[in-house]
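Asks: Need coordinates for the below:
(chains A and B)
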Amino acid sequence: MRRYLEIYWLMVRNSLIREMNFKANFILWMVVELLWFAGQIVFLEVLFMHTDRIGDWSKWECVLLAGTHQITSQLFQAFFYVNLAELPDLVRTGRLDLFLVLPVDAQFAVSTRRFGFNSIINALVGVAIVVFSLFQLRVTPHLHQIGLYGVAIGFGVAVHYAVLFFLATVAFWIVRAQGLIYGYYNVFNIARYPDVVFRGAFRIIFSYLIPVILVANVPTRTLARAFEAPWVGLAQLAGATLFILLASRAFWQFALRRYSSASS
Amino acid sequence: MESQNPQRFTFNFPAYWKFFDIGLQNTFVYRWNFLLRSVFGIVPLIGTVFLWQAVFASSSGPIAGYEYSSMIFYFLLTVFVDQLITPTEDEWQIAAEIRDGKISAYLIKPMNFLGYRIALYLSYRLLYIGVVIVPIVILAWVFREHLHFPEHGITWLAFAVSTAMAAGIQFLICYSLAMIAFWVLEVSTIIFILYSFEYFLSGHVFPLDIMPAWLQGFLHWSPFTYEIFFPVQVCMERVAGRALIEGLCIQAGWLLLTYVAARVLWLRGVRKYQAVGG
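Replies: Numbers count the residues shown, from 1 in each chain, chains lettered A, B, ... in the order given. From the prediction side, this is the model:
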């Protein structure tokens, strides 16, 4: 475990040095993400011009949800996104071999090569929106609520990771995998909607099998809705996270067994 | 990089037909990619339907003239037009060809690069729609009670013309953006910044006419409106008569402007081009 932490620290340092070589690009990527987030808020603003509730969710609860989704997805981007998005390329070119021969777990090696610092700043913007929404809702969360919120966010990051890792692993069979990365964005598109709007099979699939609906909703409920017992949601999120993490790892190992490298 | 006269528009139909054919064959390799894209594309659409269901359940009466049913039809049409005409990878490919110096090979051939890329774009789109027509038909069947096809025959014609112009505007904007690669090495951030405006202002996320009144003047003249929203409005017969003619004129204006931008950027770019690595 200590060895892994040391390796990870080296990777983080390396990424920072690399990113600081392209400062303009660093800032532009932040602008891109901020524009997207601003768009989400504008969307809610327009939506709530025409209604005052979505299910039993008020406007500021929805904004808090959007902020929570921002924190979770940006933390995921910071730690894992680039690495997983490049996995299909590694497979296609055969460069994956380099990672397989390293004396560390291959999944760890391909998942932690680079670290995105700009996403951390974007996650902080999400935090600011969450705090502002709490202020608007006149809710002061207890310390234990904030703690549970943090734990739930951690599970959320793990779900993001497992879903994209699973999709990227499909690249072992499909030549060009842009469609898969696009799939990640599409699936998480629904994470910013209040869970009450979903129904039927769609709700079951995306709450248990691919728990996208839980990712931002469970932490939001934990933080903003003190009158609800948080344990049911948290237990459900924890169980679903564990399941999808294990499933994606099993799928990866299955793919590796069939992998015969490229062009060598 | 000087050559005979590569910019002269030589209309050589067999050659462009050949490019079209090459595009088809190249793209067919990626049919899985297409299918995945369209299948995953359904998830946000269903999410949108659920969201609006909840919104209409808690609001009384129509929203900016949309009933629940017409709102669903709006999003179905938006997805359809988007799948039909939005370029998926053209701008990345063109920018990469410029950056890696691959366009040298095109410059010395007696052909027009824009014409070549248009032929490729059309072939991509044709194959794409050929693959995703299956999920689209399934979706249309699932939501069949919300489909309201145009009452007037002329609407079909206006819809076709408007969609074709929207395709032209979308492609030429992508092409012009890719031309920036002549000056800047890393164009992806610029592409994404424009893309984020496009996403919200072309009507992907919600119909533009539910936006506040003070924004409508801007939206009326904005090019993004004519990339998806306007053709969809035409098909839903929410614009008619003078407004329809006026909209088509503005759309034609943007088509012309984006064409001029594409040509000018190309001519200036080629003059500056150094054939890195070529």
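Asks: which non-adjacent residue is nearest the closest residue to chain A within the stretch 101-250 of chain B?
Replies: As assessed by Cβ to the nearest Cβ, chain A sits closest to B:T189 within the stretch 101-250 of chain B, at 3.7 Å. In short, each C-beta sits where N, CA and C put it, glycine included. Counting by Cβ to Cβ, 6 or more residues apart in numbering or on different chains, A:L28 is the residue found nearest to B:T189 once chain neighbours are left out, at 3.7 Å.
Asks: Counting neighbours, show which residues of the helix or strand containing that neighbour come out buried.
Replies: If you go by DSSP states H and E, A:L28 is part of helix A:23-47. Buried positions in helix A:23-47, judged by neighbour count with 16 or more other Cβ atoms under 10 Å in any protein chain shown: A:26, A:28-30, A:32-37, A:39-40, A:43-44, A:46-47.
Asks: pLDDT check: weakest of those?
Replies: On pLDDT alone, A:F26 ranks lowest of the buried residues of helix A:23-47, at 78.
Asks: for that one, what are its contacts?
Replies: Applying Cβ atoms under 8 Å, 6 or more residues apart in numbering or on different chains to A:F26 gives the contacts A:19-20, A:117-118.
Asks: Show the buried residues in the residues you listed.
Replies: A:19, A:118.
Asks: In strands only, show me the contacts of A:F26.
Replies: Among the contacts of A:F26, no member falls in strands (DSSP state E).
Asks: what number of residues lie near the residue of the stretch 101-250 of chain B closest to chain A?
Replies: By the criterion of other Cβ atoms under 10 Å in any protein chain shown, B:T189 has 18 neighbours.
Asks: Which helix or which strand is home to it?
Replies: helix B:188-201.
Asks: mind listing the helices for the chain?
Replies: Using chain A here. Taking DSSP state H as the criterion, chain A carries its helices at A:2-20, A:23-47, A:59-76, A:82-93, A:96-100, A:106-111, A:117-137, A:143-169, A:178-188, A:200-204, A:212-224, A:231-258.
Asks: let's do chain B instead
Replies: For chain B, the helices defined by DSSP H cover B:13-28, B:31-58, B:68-85, B:90-99, B:104-107, B:113-142, B:153-179, B:188-201, B:213-221, B:229-235, B:241-272.
Asks: so which of these gets nearest A:F188?
Replies: helix B:31-58 (9.1 Å; Cβ to Cβ).
Asks: got the angle between the closest one and helix B:113-142?
Replies: For helix B:31-58 against helix B:113-142, the angle by axes from the mean of the first three to the mean of the last three Cα atoms, to 10 degrees is 50 degrees.
Asks: Is chain A within reach of helix B:31-58?
Replies: Yes: shown here: helix B:31-58 in contact with chain A (Cβ under 8 Å from any Cβ of the partner chain) through B:32-37, B:39-41, B:43-44, B:46-47, B:50-51, B:53-55, B:58.
Asks: Out of the helices of chain A, indicate the one that is most buried.
Replies: With neighbours taken as mean count of other Cβ atoms under 10 Å in any protein chain shown, the helices of chain A reach their highest mean count in helix A:212-224, at a mean of 27.
Asks: one step back: go through the buried residues of helix A:23-47 and say which is closest to B:I210.
Replies: Nearest to B:I210 among these: A:V46, at 6.3 Å, using Cβ to Cβ.
Asks: That closest one and chain B: what is the separation?
Replies: 6 Å (Cβ to the nearest Cβ, to the nearest Å).
Asks: still on that earlier bit, packing partners for the helix holding B:T189?
Replies: helix A:23-47, helix B:90-99, helix B:153-179 (3 or more Cβ pairs under 8 Å, 6 or more residues apart in numbering or on different chains; DSSP states H and E).
Asks: give me that answer again for 7 Å
Replies: helix A:23-47, helix B:153-179 (3 or more Cβ pairs under 7 Å, 6 or more residues apart in numbering or on different chains; DSSP states H and E).
Asks: Can you tell me the number of residues neighbouring B:K109?
Replies: 13.
Asks: try the one 4 residues further on
Replies: Residues contacting B:F113 under the criterion other Cβ under 10 Å number 18.
Asks: In contact with it, which residues?
Replies: B:103, B:106, B:266 (Cβ atoms under 7 Å, 6 or more residues apart in numbering or on different chains).
Asks: Tell me how far the closest residue to the first one other than its chain neighbours lies from chain A.
Replies: The shortest distance from B:I103 to any non-neighbouring residue, by Cβ to Cβ, 6+ apart, is to B:E97 (5.0 Å). Applying Cβ to the nearest Cβ, the value for B:E97 to chain A is 17 Å.
Asks: Go ahead and confirm B:E97 touches B:S104.
Replies: No: under the criterion of Cβ atoms under 7 Å, B:E97 makes no contact with B:S104, lying 9.5 Å away.
Asks: Starting from A:A201, give me the distance back to the nearest residue to A:L256 once chain neighbours are set aside.
Replies: Leaving aside its sequence neighbours, A:L256 sits nearest to A:A106 (Cβ to Cβ, 6+ apart; 6.8 Å). A:A106 sits 35 Å away from A:A201, going by Cβ to Cβ, to the nearest Å.
Asks: Tell me, please, where in the stretch 151-264 of chain A the pLDDT is lower than the cut-off.
Replies: A:175-177, A:261-264 (pLDDT under 70).
Asks: try 90 this time
Replies: Low-confidence segments of the stretch 151-264 of chain A, defined by pLDDT under 90: A:167-186, A:189, A:199, A:208-209, A:224-233, A:255-264.
Asks: residues in it within reach of chain B, list them.
Replies: A:174-176, A:178-180, A:182-183, A:186-187, A:189-190, A:193, A:196-199, A:202 (Cβ under 7 Å from any Cβ of the partner chain).
Asks: same question, the stretch 1-150 of chain A
Replies: A:25, A:28-29, A:31-32, A:35-36, A:39, A:42-43, A:46-47, A:49-51, A:53-55.
Asks: What average pLDDT does stretch B:224-240 get?
Replies: Stretch B:224-240 comes out at a mean pLDDT of 94.
Asks: er, stretch A:11-25 actually
Replies: The model assigns stretch A:11-25 a mean pLDDT of 75.
Asks: ditto for stretch B:52-62
Replies: 86.
Asks: Run through who's touching that stretch.
Replies: With contact meaning Cβ under 7 Å, 6+ apart, stretch B:52-62 is reached by A:47, A:50-51, A:53-55, A:196-197, B:68, B:71.
Asks: 10 Å instead, please
Replies: Contact partners of stretch B:52-62, identified using Cβ atoms under 10 Å, 6 or more residues apart in numbering or on different chains, comprise A:47-48, A:50-57, A:193-194, A:196-199, B:63, B:66-72, B:74-75, B:206.
Asks: just for the stretch 1-150 of chain A, where's the confidence low?
Replies: Ranges of the stretch 1-150 of chain A meeting pLDDT under 90: A:1-37, A:39-40, A:49-56, A:78-122, A:138-144.
Asks: Residue of it nearest chain B, please.
Replies: The nearest approach of the stretch 1-150 of chain A to chain B comes at A:L28, 3.7 Å away (Cβ to the nearest Cβ).
Asks: who are the neighbours in contact with that residue?
Replies: A:L28 neighbours (Cβ under 10 Å, 6+ apart): A:22, A:118, B:186, B:188-190, B:192-193.
Asks: Against B:W52, how distant is the residue sitting furthest away from the middle of chain B?
Replies: Here the centre of chain B is the reference, and by Cα atoms, centre = their mean the most remote residue is B:S60, at 34.8 Å. According to Cβ to Cβ, B:S60 and B:W52 sit 15 Å apart.
Asks: Sounds good, over and out.
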